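1. Everything below, folded, please.
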Amino acid sequence: MRVLIASNDLTFNPSLVSAYLERGHEVTTGVSNFALRLGRYDIVHLHWPEELVGFGANCSHVGRTASALDLLEWWSERSVIVATVHNLIPHATERTDGPEARYFEAFYKKVDLICHFSNHSRLRYSQVYPTLNSCVHVVHGLNNFSHLKVFSKGVDLARDRLKLERARPVLSVVGAMRKVEELRLLRTAWSLANHRGATLILATELPWGRMRLGRRLLEKAGYHLWFRRLDNVLDVGGNVDDETLVSLVEASNAVIILRSGEHLNSGLLPLALTFGTPLVAPAYGINEETLRGTRNQLYRPGDARSLGAAISRSLDTNLEDARVENLVLSQGFGWSSILDDIWDEIAVVIKNKASRLRE
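-> Presented below is the predicted three-dimensional model:
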C-alpha cells in the first residue's frame, strides 16, 4: 500500500514512518503533498487538524478552514483517512464552543478512523463532540520514540555529557510550556519541595509570547528574581537538539509534566518511558491509565502542594528499580503495536470504501 503521512512533524513521524515501512508499505510525508493533491495513496494519515491551516490562531480563519476541509473531502473520496488524536482543541485556544472547536468537529467528521491514545481521549471527544459518536473510533496504546534511542548513553554518561554530578539528583522540565500558570505552579512547588540536594533543569520554551507586553514584563521580572535567588535551578533554554534532549531525559531522576488543568495527551509521557525515566505527572486521564500503581508520581493538576509532595516522593524512589519497571511497562508501546491494534479497522474501512466507490 501507499501511505501519505500528511504532516511535517519531526517528533512523531520518524517512528511512525518506520512502522509503516516495517509492514512493507511505501511512505511519503509532508503537508505539501496533501495540499497540492499530489499522488495516489491508499491511506492518508493525519495528526493535527491545525497543521493544515497553520498553527496559531488560524483554526478560526474561515477561508483557511474551508480550504482545509475541502482538501480533506477531496482526499476522502480517494483514500482511507486515518487521524491520530493529540489534543481536544487547537493549541492556541481554550474554548470548546468557539470556531476553532467547530473546525475540529467538521474535520473529524470527514475522517474514516479516529485513533485515540487513551480511553480518556475517547471519552472527552464523546462529551465535547457528540456528533462524532457515530464515527469509527479506536483506542490503542502509547507510541514511543524509538528513533531517538541512537542517542541513548545511560544515566551516568548522560550526566557526564551535561557536566552534572553523577550522585546529585536531577529533575527536569522539557518541551514547550503552554501557560504562565504552569511556570507559577513549578516555582511554588519547587519552593515547597524537599529538594534533598537536587538540581532542577529547565529545558523549556517559557510562555512569554502569549501575553500582553505589560503582563509579560511583570511575569518575566518575577521569574528572574526567583531564578537568581536559587543555586539549584539551571535554565538551558528550550531549543535543544535531539541528542541533548535524550541526555536530559536519561540524566533525570524524573521528568516533570506541568499542568495547571487537564489536557488530552502529552508527548512527554511516552518520551520519558522510552528511556525508562520516571515521571511526575498530573493525576488524570492518560497519566492515570498508564502510571497508576507504578513507581511514577502523580499530583493534582494546578495544586502546588501536591506537585511539591510528588517531587519529594520522586526523590525517595529507587531510580534503578523505577527505570527497570518503566522499561518493562513500555515494551508494548510503539507505532508498530499501534498499527497492529488498528489494522483490522483499517482493512474494514478499505473494503467498505472500495465498495462505495464502485457503486
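
2. only C-alpha atoms for contact and neighbour calcs from this point on.
-> Fine.

3. List the residue ranges of the stretch 201-350 of the chain that fall below the pLDDT cut-off.
-> Under the criterion pLDDT under 70, the flagged ranges of the stretch 201-350 of the chain are 210.

4. Nearest residue to the middle of the chain?
-> Gly267 (2.5 Å; C-alpha atoms, centre = their mean).

5. contacting residues for that one?
-> Shown in contact with Gly267 (C-alpha atoms under 8 Å, 6 or more residues apart in numbering): no residues.

6. That one and Val240: what is the separation?
-> Gly267 sits 16 Å away from Val240, taking C-alpha to C-alpha, to the nearest Å as the criterion.

7. Repeat that for Ser67.
-> Distance from Ser67 to Val240, by C-alpha to C-alpha: 35 Å.

8. cool, and Arg159?
-> To Val240, Arg159 is 16 Å away according to C-alpha to C-alpha.

9. Compare neighbour counts for the two and give me the winner.
-> Neighbours per residue (other C-alpha atoms under 10 Å) separate Arg159 from Val240, with Arg159 holding more: 21 against 15.

10. For the stretch 251-359 of the chain, which segments count as helices?
-> Remark: helices assigned in the stretch 251-359 of the chain by DSSP state H, counting those that start in this stretch are 268-274, 285-291, 304-316, 319-329, 335-358.

11. so which of those gets nearest Lys220?
-> Lys220 sits nearest to helix 304-316 of all the helices of the stretch 251-359 of the chain, at 19.7 Å, using C-alpha to C-alpha.

12. Could you check that closest one and say which residues are buried?
-> Judged by neighbour count using 16 or more other C-alpha atoms under 10 Å, the buried positions of helix 304-316 are 304-315.

13. Restricting to C-alpha, output the helix or strand containing Leu4 in PDB.
-> Leu4 belongs to strand 2-5 when assigned by DSSP states H and E. Extracted C-alpha coordinates of strand 2-5, given in PDB (Å, rounded to 0.1, in the frame of the first residue of the first chain):
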ATOM      1  CA  ARG A   2       1.000   3.600  -0.500                       C
ATOM      2  CA  VAL A   3       0.700   5.800   2.600                       C
ATOM      3  CA  LEU A   4       0.800   9.600   2.900                       C
ATOM      4  CA  ILE A   5       1.600  10.900   6.300                       C
END
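
14. Can you name the next helix or strand after it?
-> helix 13-22.

15. That next one to helix 335-358, inter-axis angle?
-> Using axes from the mean of the first three to the mean of the last three C-alpha atoms, to 10 degrees, the direction of helix 13-22 lies 70 degrees away from that of helix 335-358.

16. contacts for the helix or strand following helix 13-22?
-> Per DSSP H and E, helix 13-22 leads on to strand 26-29 as the next helix or strand towards the C-terminus. With contact meaning C-alpha under 8 Å, 6+ apart, strand 26-29 is reached by 1-8, 17, 20-21.
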